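Participant: generate coordinates for the sequence data below:
(2 chains)
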Protein chains: 2
Amino acid sequence: MLKVPDHQVAGHHARDGKLGPLIDDSGRFYKPLQGDERGSKEVAFYTSFSSNARIPDHIRRFFPIFYGTQLLEASDGSGLYPHLVLQDVVSGRHNPCIIDVKIGSRTWYLQASEDYIQRSLKKDRETTTLSLGFRISGLQIYDSKESGFWRPEKKLVLGFTADDVRVVLRKFVSSNSPTDSDPELDCSFAAAVYGGFTGILAQLLELKAWFEDQTIFHFFSCSILIMYDKEAILKGMSSGAEIKLIDFAHVVEGEGVIDHNFLGGLCSLIKMISEMLTSPDENPNITCLQDYEKNHSYLENGTTE
Amino acid sequence: MLKVPDHQVAGHHARDGKLGPLIDDSGRFYKPLQGDERGSKEVAFYTSFSSNARIPDHIRRFFPIFYGTQLLEASDGSGLYPHLVLQDVVSGRHNPCIIDVKIGSRTWYLQASEDYIQRSLKKDRETTTLSLGFRISGLQIYDSKESGFWRPEKKLVLGFTADDVRVVLRKFVSSNSPTDSDPELDCSFAAAVYGGFTGILAQLLELKAWFEDQTIFHFFSCSILIMYDKEAILKGMSSGAEIKLIDFAHVVEGEGVIDHNFLGGLCSLIKMISEMLTSPDENPNITCLQDYEKNHSYLENGTTE
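Facilitator: A predicted model of the protein is given here:
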């Protein structure tokens, strides 16, 4: 029984008769192949990556498991359509908080079409991609059973400044309601989510060590999903903090060179997150998101299954 | 007594009645302020950097000492002209081998003019800046008392592919004559120059650790000079291997973000150099520079002072 994913924070959505990914109850995620060459490039990446013996297991766990491709009824009702069959990386999570961070100060590459390069470059200049080396593509922060999730709309997210990104990364690990106008974010989950031997920062540092060395792939326009379960922490359980890399339609051969574009952006994200652990009481320009919120915030109900 | 530098491998030269840097016998380097805002920006950088107490000494040593500015007779005979007074970073060296590596996959920045951005972007795409995260801007390799230096001309250097760069970085530490068409580069000075506790790689790693943390400056279009003395090694003395950062006309405020552009390029350079230490016998595409050399190589006499 296929259904629309509850916790997809960026990308094309299978809603309103549109083509988008589907999930099932067994923990699989069915992503329709993008119509142009992106679809075949993503299949090629997953095929190459999943069979590459040089990828160590402690790195492989950061990628969705690949189960091949399959013809399925498309979500837009257009009939049978080829889908990537992947691990549903949020399967089993209950009301997860998720941020999708697109890594790199450049989302384009020389092998792309000039039209793609110019459109990507424009978006890189208009977002924090250029200044921070990454941009937030989407997010959801669980608030409460009553209020559900804070899911800022795409236009708002793509308008984030560097200071907005800092605020969102603090808001992500604060007990404050994400729509609360109180400027004092408590960052009370920062240690449980970002910190510790198995937290987000430790995982990002493991990934960094690999990117300092690997020259197999260059990951353009690829995202790191950062996830955790707020309710689990409140119940005294593990935060379930985890990163996953997704979106490989723009991966190219490394040709013996490290992916300095991804690595630079990753180091920038690491620095920003590590500052939240070392100085969680600093709230730089905390008011910068307030106006956005007044105008744009909307809540959706959390899942209750 | 001012004179034209013997060992300047890139940038404007004070030859043929042109405006360029001068040196004296006391170890100072006089760089004319570039006419547009670049000159004042470079003065602003040196002033800010030299007085910034947050720069640790083990990093400060990688930068030329700044002695202020001074009005001097310009090398083009146009009369008094303002010059930066800096440490001459090759002073005291005898026939040094030098490579100028411009770091970063992007030499432009949002605060620059659109015209500058477009020109820089074009050059970044045409050179290895985009693919490797750095490009060689100039070099000289000492051959022998008879043959002097190999100093490939600017046009050849800017045409280097990624493979050419690998070859040049091997050639730089080989005992082979730099113009020799023998494809077997011996890399016999690799350990003495790139390796060891005080070698180039160790210095680059120190610089990297700082760039992973510092959020004060972003260094666009800045170069790392890599230098050593081949004759000293042959005499059983220290290689004098040393890096220096130069050219700060495009440094901008870091605004609390790491310089992910410089850091990414630096990591790419580090990876390439470390591979030469771990597998010095590999000569990837070693023939790729042969044709260039046949057509372009020229030698100049080494200094004999």
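Participant: domain map for chain A?
Facilitator: What the TED database lists as the domains of chain A is A:1-91, A:93-291.
Participant: which single residue of chain A ends up nearest chain B?
Facilitator: The minimum distance from chain A to chain B, using Cβ to the nearest Cβ, falls at A:Gly264 (3.1 Å). Using the backbone N, CA and C atoms, a C-beta is placed for each residue, glycine as well.
Participant: the closest residue to A:Ile55 other than its chain neighbours is in what secondary structure piece?
Facilitator: Of all residues not flanking A:Ile55 in the chain, A:Phe49 sits nearest, at 6.5 Å (Cβ to Cβ, 6 or more residues apart in numbering or on different chains). Using DSSP states H and E, the element containing A:Phe49 is helix A:37-51.
Participant: that helix: what's the following helix or strand?
Facilitator: Following helix A:37-51 in sequence order, the next helix or strand is helix A:57-60 (DSSP H and E).
Participant: what lies in contact with that next one?
Facilitator: Contact partners of helix A:57-60, identified using Cβ atoms under 8 Å, 6 or more residues apart in numbering or on different chains, comprise A:Glu206, A:Leu207, A:Trp210.
Participant: could I get the buried residue list for it?
Facilitator: A:Ile59 (16 or more other Cβ atoms under 10 Å in any protein chain shown).
Participant: got the CA positions of that helix in CSV?
Facilitator: Extracted in CSV, the C-alpha atoms of helix A:57-60 (Å, rounded to 0.1, in the frame of the first residue of the first chain):
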residue,chain,number,x,y,z
ASP,A,57,30.7,0.8,6.2
HIS,A,58,30.8,3.7,8.7
ILE,A,59,30.3,6.0,5.6
ARG,A,60,27.8,3.8,3.8
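Participant: residues from the stretch 51-200 of chain A in reach of chain B?
Facilitator: Residues of the stretch 51-200 of chain A found near chain B (Cβ under 8 Å from any Cβ of the partner chain) are A:Ser105, A:Arg106, A:Leu110, A:Arg125, A:Leu130, A:Ser131, A:Leu132, A:Gly133, A:Ala162.
Participant: how about a cut-off of 10 Å?
Facilitator: Proximity of the stretch 51-200 of chain A to chain B, by Cβ under 10 Å from any Cβ of the partner chain, involves residues A:104-106, A:108-110, A:117, A:121, A:125, A:128, A:130-134, A:162-163, A:165-166.
Participant: what part of chain A, helix or strand, is modelled with the least confidence?
Facilitator: Every helix and strand of chain A was ranked by mean pLDDT, DSSP states H and E. The lowest is helix A:290-296, at a mean of 39.
Participant: tally of neighbours for A:Gly240?
Facilitator: Neighbourhood size, A:Gly240 [other Cβ atoms under 10 Å in any protein chain shown]: 19.
Participant: then A:Gly79?
Facilitator: By other Cβ under 10 Å, the residues close to A:Gly79 number 9.
Participant: and it, what does it touch?
Facilitator: By Cβ atoms under 10 Å, 6 or more residues apart in numbering or on different chains, the contact set of A:Gly79 is A:Leu71, A:Leu72, A:Glu73.
Participant: what do you get for A:Phe211?
Facilitator: A:Phe211 makes contacts with A:59, A:103, A:217, A:219, A:258-260, A:262-267, B:264, B:267, as judged by Cβ under 10 Å, 6+ apart.
Participant: output stretch A:208-215 as CSV, nothing but the C-alphas.
Facilitator: The C-alpha coordinates for stretch A:208-215 follow below in CSV (Å, rounded to 0.1, in the frame of the first residue of the first chain):
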residue,chain,number,x,y,z
LYS,A,208,34.4,15.2,6.9
ALA,A,209,37.3,12.8,7.4
TRP,A,210,36.0,10.8,4.5
PHE,A,211,35.6,13.8,2.2
GLU,A,212,39.2,14.9,3.0
ASP,A,213,40.3,11.7,1.4
GLN,A,214,37.8,10.4,-1.1
THR,A,215,38.3,11.3,-4.8
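Participant: what ranges does the stretch 101-250 of chain A have for its helices?
Facilitator: Secondary structure of the stretch 101-250 of chain A (DSSP state H, counting those that start in this stretch): helices at A:114-126, A:129-132, A:154-158, A:162-171, A:190-193, A:200-211, A:230-234.
Participant: any chance of those in JSON lines, with distance to B:Lys244 and mean pLDDT too?
Facilitator: Output for the helices of the stretch 101-250 of chain A, formatted as JSON lines (distance: least, Cβ to Cβ, whole Å; pLDDT from 0 to 100):
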{"stretch": "helix A:114-126", "distance to B:Lys244": "32", "mean pLDDT": "97"}
{"stretch": "helix A:129-132", "distance to B:Lys244": "28", "mean pLDDT": "98"}
{"stretch": "helix A:154-158", "distance to B:Lys244": "41", "mean pLDDT": "95"}
{"stretch": "helix A:162-171", "distance to B:Lys244": "31", "mean pLDDT": "96"}
{"stretch": "helix A:190-193", "distance to B:Lys244": "40", "mean pLDDT": "96"}
{"stretch": "helix A:200-211", "distance to B:Lys244": "27", "mean pLDDT": "98"}
{"stretch": "helix A:230-234", "distance to B:Lys244": "49", "mean pLDDT": "93"}
